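Asks: Build the 3D model from these lines:
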Amino acid sequence: MTPLNMHIPEGKKIYFASDNHLGAPTKEASSIREKKFVAWLDEIKEDAAAIFLLGDLFDFWAEYKTVVPKGFTRTLGKLAEITDSGIPVYFFVGNHDLWMYGYFEEELNIPVYHKPKEFTFNDTTFFIGHGDGLGPKDKGYKRMKKVFTNPFSQWLFRWLHPDIGVRLAQHLSVKNKLISGDEDAKFLGEDNEWLVQYCKRKLETKHRDYFVFGHRHLPLEIDLNPKSKYINLGDWIVYYTYAVFDGKTMVLKKHH
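Replies: As a prediction, this is how the structure comes out:
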């Protein structure tokens, strides 16, 4: 895996956020959270060298050839404004927004990644992804993800009218715990956190300074060894947390 190299100018920062789940649990409740997120994007654009969104921006997202889900206009407009200004934004799909097929790239100029990827910022190495389906557990979801990402399954889904397909998927997103991640909301202890185990296995073959994931909905900073750290970004539902890298150090912060 070849890392993407990026130089951070003096006074600039890289921002990371994940798990907004826009659209849930209701349109009204989501609107309040969306406005907070857009306000945050408006704040950080002043000194952002780049912005990384690590998945589950939406509680459900699926793209047909000529149709995308209704709503989220404030978020999409703000992201377009940011990329138009020259600030790069990178998106990693989550388990709730797997079905991205070009809309972000074409309309927002945002690269979309479906697997974790390495980046080097100045001389610091990062391994970045959403975090779903990684590590020794999550077996039920791993099987379900194979179905969701299967081209034939995707072809069948596109034959559903969007009003039916989106409503069905939204229902499953909330009701099916394999998709919703409701079972993952509690800290399991370092020895039982499957993303921690995944990071430690990756370190056996190659050093990375930071492993950055979402998915767990918990703000976590865990030392994997004296020179490597695992960071989980939390969410924009309960914690409103994000991470900032200033070219030297990485810290978790809370938006107020």
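Asks: next one: phi and psi at Ile231?
Replies: The phi/psi pair for Ile231 (degrees, to the nearest 10) reads phi -130, psi 130.
Asks: For it, list each beta-bridge partner.
Replies: Val212, Glu221 (DSSP bridges).
Asks: separation between Ser228 and Ala17?
Replies: Using CB to CB, to the nearest Å, Ser228 is found at 22 Å from Ala17. Every residue, glycine included, has its C-beta placed from N, CA and C.
Asks: The two: which has the busier surroundings?
Replies: Ranked by neighbour count (other CB atoms under 10 Å), Ser228 and Ala17 place Ala17 first, with 24 against 19.
Asks: which non-adjacent residue is nearest that one?
Replies: Once flanking residues are discounted, Ala17 sits nearest to Tyr242: 4.3 Å by CB to CB, 6 or more residues apart in numbering.
Asks: Now the one you found. Its backbone dihedrals?
Replies: Taking degrees, to the nearest 10, you get phi -150, psi 170 for the backbone angles of Tyr242.
Asks: Could you do Gln197 as well?
Replies: Backbone dihedrals for Gln197, given as degrees, to the nearest 10, come out at phi -60, psi -40.
Asks: Check what pLDDT it gets.
Replies: What the model reports for Gln197 is a pLDDT of 94.
Asks: now swap in the one 3 residues further on and tell me
Replies: Per-residue confidence for Lys200 comes out at a pLDDT of 96.
Asks: Repeat that for Leu98.
Replies: 77.
Asks: try Gly11
Replies: We have a pLDDT of 95 for Gly11.
Asks: how many neighbours does the residue lying closest to it once chain neighbours are set aside have?
Replies: Here the nearest residue to Gly11 in space, its sequence neighbours aside, is Asp47; by CB to CB, 6+ apart that works out to 6.5 Å. Burial of Asp47, expressed as a neighbour count using other CB under 10 Å, amounts to 14.
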